[in-house]
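Student: let me see the structure of the following:
(one chain, ligands or ions: 1)
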Amino acid sequence: MIHFEPATRTFNLHTAHSYYALRVDAEGRLVHLGWGLRPADAGPADRADGPFPWPHEVGFSLTVQFRPEEVLTFGDVSTHGVTLKANFPALAQPLAPGEAAHLPIRDLRLRYASHAVVMDAEPGLAPAHGQPVRNETPRETLRVRLVDPVQPLAVTACYRLTPEHDLLERWLELENLGPHPVTFDAVGFASLHLPQGATELTSLTGAWAREYTQERRRLSAGTLVLESRSLQTGHRANPVFLLNAPGQAAEDSGTVYFGALAYSGAWQLAFEQLPTWHLRVHAGYNPFDFQLVLAPGQRHATPALVCGVCGDGWGGASRRLHAFARERVLPAPSARPAYRPVLYNSWEATTFNLSYAGQAALAQKAAAMGVELFCVDDGWFGARRDDHAGLGDWFVRPDAFPDGLEALVAEVHRLGMKFGLWVEPEMINPDSDLYRAHPDWVLHFPGRPRTESRHQLILDFGRPEVVEHIFSVLDALVTRYQIAFYKWDMNRLASEPGSAAGQALWLAHVAGVYGIMDRLRAKHPALDIQSCSGGGGRVDLGILGRVDQVWASDNTDALDRVRIQEGFSLAYPARAMEAWVTHSFNGFTQRAAALRLRFDVAMRGALGIGTALNELDEAELAEYARYIAFYKRLRPIIQDGALYRLQRVEAHGASVIEYVAADGREAVYSIVVHDYRAGAFRPTAPLRGLHSGLVYRVSNRDGVEVQRATGYTLMTLGLPGQHGGPAGWSQTLHIVAEAE
Ligand code: DGJ
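Tutor: Got it, this is the predicted structure:
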């Protein structure tokens, strides 16, 4: 609900449990009033509308620096972080006596012009594939148009509400109203003003094979920056944050402010604590090599910062983001099965050693155990015998498939599975026909070296003809091979970002990737896409709008994966998290894991199999089949249920999670002991979200009942006997209410 009080020019934005208030002050500035939880007894008519809750005009110059404008602009504010920094190349009015022509003018002031509440607003880079999401209920957006009093620039601050999940999306729309170009050195999607004291930050950092490492720290005075400086979201940090007063939030309790960016390129989150203890979060494009030029009449809409506040702890924040992603972000074409299919991927089994016979043999074993989608990974194209050659040449590798790919596709279909293919569309090996034909199509600066990484260079998506070429190649492959699934990979970071688009490359690349995905989806409604970037390097709310699932990490060691997946679950839903069972011995970590552990971990997301199936005996293959059948019974709850992190690895050495169906009548309990702690008795983990008065049957993979108990007992005492063993001990249980 969005309300405007004309007398005080105050806006109140309400979600189910939160409020966000802002006001136009006497000078016409749009100023933040407050953001937080609504009192529990508040009715729809209750609104925040008092005097400014801080010194607003105390008359000394530094007040200006601390005034919480909704859009902070460089000009009167220069010592602190800003949302926008604009350069105007020309005078908008004649010089007055005593003035000199100090150009460009780097001073932007924004004053209220008008506002509107609309139902159909979309942020920049919103999906354009036309496929529905699950919940299409229209949402209100407040649009406040601000203008500079002198320079011809309009900025519209946008606030879209998803009331059912206490979420707000914020973005900016810029419009050059004048006859000269306007150049921006910094463009945020939003700056947030948080209550003083919300200085405990939970964030995700990491590296290849160690993605989504949770960090919790106390912000001190100054600015902490999390960012990507590449053309993808990145491994070193993920654009997600949770903030609370130190020590005053936990998994299930406490006020938590949280946010996530819907953008897959060079982003930045800057957490700035001012000397006054004001806390701001500046979220948007990374300014490190940024330039946006708006030609006369041109507009630019930024992507969104999705943010919210909740009173039920970090878990409450995660559940809101999960539900938002499932219902409002992930595409949900009507022709699609309700749940993610069980996938087989041949990468770890065969790497580049591909042949019809080898892949067909894997496909036969995969189908027999219940796999629904068979994906051929890297190595099927061009001269791709290893990672030195072939990227860019998206035609079938003749030495691997002398009769083409058609026979394998037919075999996969005959076995009742869908067929998927790996691609890395943004990349090119210098040893490729495409590079030999178009050496100028890669990012580079003339006369400068071209740095290779994994022997590859990056195609210049600042050139429309390159984007068009890649779209046509991928489009033709879908049609020719009836491809149901693309695993879209991206295996290097940016360097030498010289582009036909100049510094606009950073945006053009992301827009190019999104555009190709959107066009593919629009043209091929049955096509699924998985985002992968050397593991989990491209996961964010922007890419989730045009893919069906993501790859969280190349690290498939079950125990490492527990931590990676727990970090992933801070913001992203299990439904989107592809997770593979692979070999017992893991080459990364040099340790072995029992099959049960590998399945119990992988079943926490969208299950996939990556094992060399030809190395398994009949008994092992049968075990795989039993687990896959079990997963298929559980997946409606895992993929669509509410996640409760009952015990976290850091606290108890075990990860215990529960997925609960929306009606509370069915749940999945999953425990993995990560570290054995001698001398400690691990507590049971009381369940959540069930009905106290119902009786539940708790059974294992083979349908054997391990307990029968009321919801009340399960939610108080937990599951006796199911709370642990030595490191690597694991268990997945199915909890179903008996008919009343
Ligand atoms: C990196 C991905 O994360 C892997 O799963 C695999 O597809 C390789 N690339 C192939 O080169």
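
Student: can we go C-alpha only for contacts and neighbour counts from here?
Tutor: OK.

Student: what is the burial count for residue 367?
Tutor: 20 (other C-alpha atoms under 10 Å).

Student: please name the nearest non-neighbouring residue to it.
Tutor: Closest residue in space to residue 367, ignoring its immediate chain neighbours: residue 415 at 6.1 Å, by C-alpha to C-alpha, 6 or more residues apart in numbering.

Student: now swap in residue 173 and tell me
Tutor: In space, residue 173 is closest to residue 301, 4.2 Å off (C-alpha to C-alpha, 6+ apart).

Student: hang on, the earlier thing: report the contact partners of the residue nearest to residue 367.
Tutor: Listed by C-alpha atoms under 8 Å, 6 or more residues apart in numbering, the contact partners of residue 415 are 363-364, 367.

Student: wait, doesn't the residue nearest to residue 173 sit right on residue 124?
Tutor: Yes - the criterion here is C-alpha atoms under 8 Å, and residue 301 meets it with residue 124 at 4.5 Å.

Student: what's the weakest-modelled helix or strand in the protein?
Tutor: Every helix and strand in the chain was compared by mean pLDDT, DSSP states H and E; the lowest is helix 62-66, with a mean of 69.

Student: tell me which helix or strand comes right after that helix.
Tutor: strand 84-87 (DSSP states H and E).

Student: and that next one, what other elements does it pack with?
Tutor: Packing partners of strand 84-87 (3 or more C-alpha pairs under 8 Å, 6 or more residues apart in numbering; DSSP states H and E): strand 182-194.

Student: partners of the next helix or strand after the strand it packs on in the sheet?
Tutor: Note on strand 182-194: by DSSP H and E, the next helix or strand toward the C-terminus is strand 200-205. Partner strands for strand 200-205, per DSSP bridges, with pairing direction: strand 213-218 (antiparallel), strand 237-244 (antiparallel).

Student: save these as TSV, and put in distance to the ligand, mean pLDDT and mean neighbour count too.
Tutor: Listed next are those as TSV, based on distance: least, C-alpha to the nearest ligand atom, whole Å; pLDDT from 0 to 100; neighbours: other C-alpha atoms under 10 Å:
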stretch	distance to the ligand	mean pLDDT	mean neighbour count
strand 213-218	17	97	15
strand 237-244	17	98	26
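
Student: in which helix or strand does whatever residue of the stretch 301-450 of the chain ends up closest to the ligand reside?
Tutor: For the stretch 301-450 of the chain and the ligand, the shortest gap (C-alpha to the nearest ligand atom) falls at residue 378, measuring 4.8 Å. Counting by DSSP H and E, there is no helix or strand that carries residue 378.

Student: how about residue 316?
Tutor: Residue 316 is part of helix 313-324 when elements are defined by DSSP H and E.

Student: go on, residue 655?
Tutor: Residue 655 belongs to strand 654-660 when assigned by DSSP H and E.

Student: who touches that strand?
Tutor: With contacts defined as C-alpha under 8 Å, 6+ apart, strand 654-660 is touched by 562, 637-638, 641-649, 666-675, 685, 687-690, 724.

Student: again, only this time at 6 Å
Tutor: Identification of contacts with strand 654-660 by C-alpha atoms under 6 Å, 6 or more residues apart in numbering yields 638, 641-649, 667-674.

Student: neighbouring strands for it, and are they parallel or not?
Tutor: Partners of strand 654-660, by DSSP bridges, with direction: strand 642-647 (antiparallel), strand 666-673 (antiparallel).
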